[in-house]
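Trainee: Fold the following for me, if possible:
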Amino acid sequence: MEQVLEEADRLLGEEFQKPTNEILKVIPRGGERRTYLFSATMTNKVKKVARAGLRNPVKLEVASKYSTVDTLKQQMMTVPVQYKVASCLVVLLVFQ
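Mentor: Predicted coordinates for the structure are as follows:
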């Protein structure tokens with residue numbers, strides 16, 4: 001069985017602690033279960049859970065903190081609120 005926690009930092013927070021614990025009670029433990037923690041932010045809580053509850057944890061880091069690729073182009077466009085959706089569609093069509 002495989003357990004996947006997407007947005008692990010949020011699921012391990014107080015808001016989701018009770019439902020997450022309920023799920024963990026009913027799924028197999030130990031060698032019968034693989035656990036995958038996915039999080040865009042590696043909080044101390046996620047690190048602590050990985051150290052305490054995972055055997056042979058592997059950390060995969062895509063990029064260092066706050067890095068931005070050189071090829072990224074950012075632009076800002078101010079439009080009246082009534083044209084917001086239409087403007088988004090035009091931008092998507094022009095820059096696809």
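Trainee: Could you list the buried residues of stretch 26-41?
Mentor: By 16 or more other CB atoms under 10 Å, the buried positions in stretch 26-41 come out as Thr35, Leu37, Ser39. Any C-beta I mention is one placed from the backbone N, CA and C, and that applies to glycine too.
Trainee: Out of those, which comes closest to Gln75?
Mentor: Of all those, Ser39 has the smallest distance to Gln75: 29.2 Å, by CB to CB.
Trainee: contacting residues for that closest one?
Mentor: With contacts defined as CB atoms under 8 Å, 6 or more residues apart in numbering, Ser39 is in contact with Glu7, Ala8, Asp9, Val46.
Trainee: Could you do Phe38 as well?
Mentor: Val4, Leu5, Glu6, Glu7, Ala8 are the contacts of Phe38 under CB under 8 Å, 6+ apart.
Trainee: want to try JSON lines for those residues, with secondary structure, pLDDT and neighbour count as columns?
Mentor: Below are the contacts of Phe38 laid out as JSON lines (DSSP: H, G, I helix; E, B strand; the rest coil; pLDDT from 0 to 100; neighbours: other CB atoms under 10 Å):
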{"residue": "Val4", "secondary structure": "strand", "pLDDT": "77", "neighbour count": "10"}
{"residue": "Leu5", "secondary structure": "strand", "pLDDT": "72", "neighbour count": "20"}
{"residue": "Glu6", "secondary structure": "strand", "pLDDT": "77", "neighbour count": "10"}
{"residue": "Glu7", "secondary structure": "coil", "pLDDT": "77", "neighbour count": "14"}
{"residue": "Ala8", "secondary structure": "helix", "pLDDT": "74", "neighbour count": "23"}
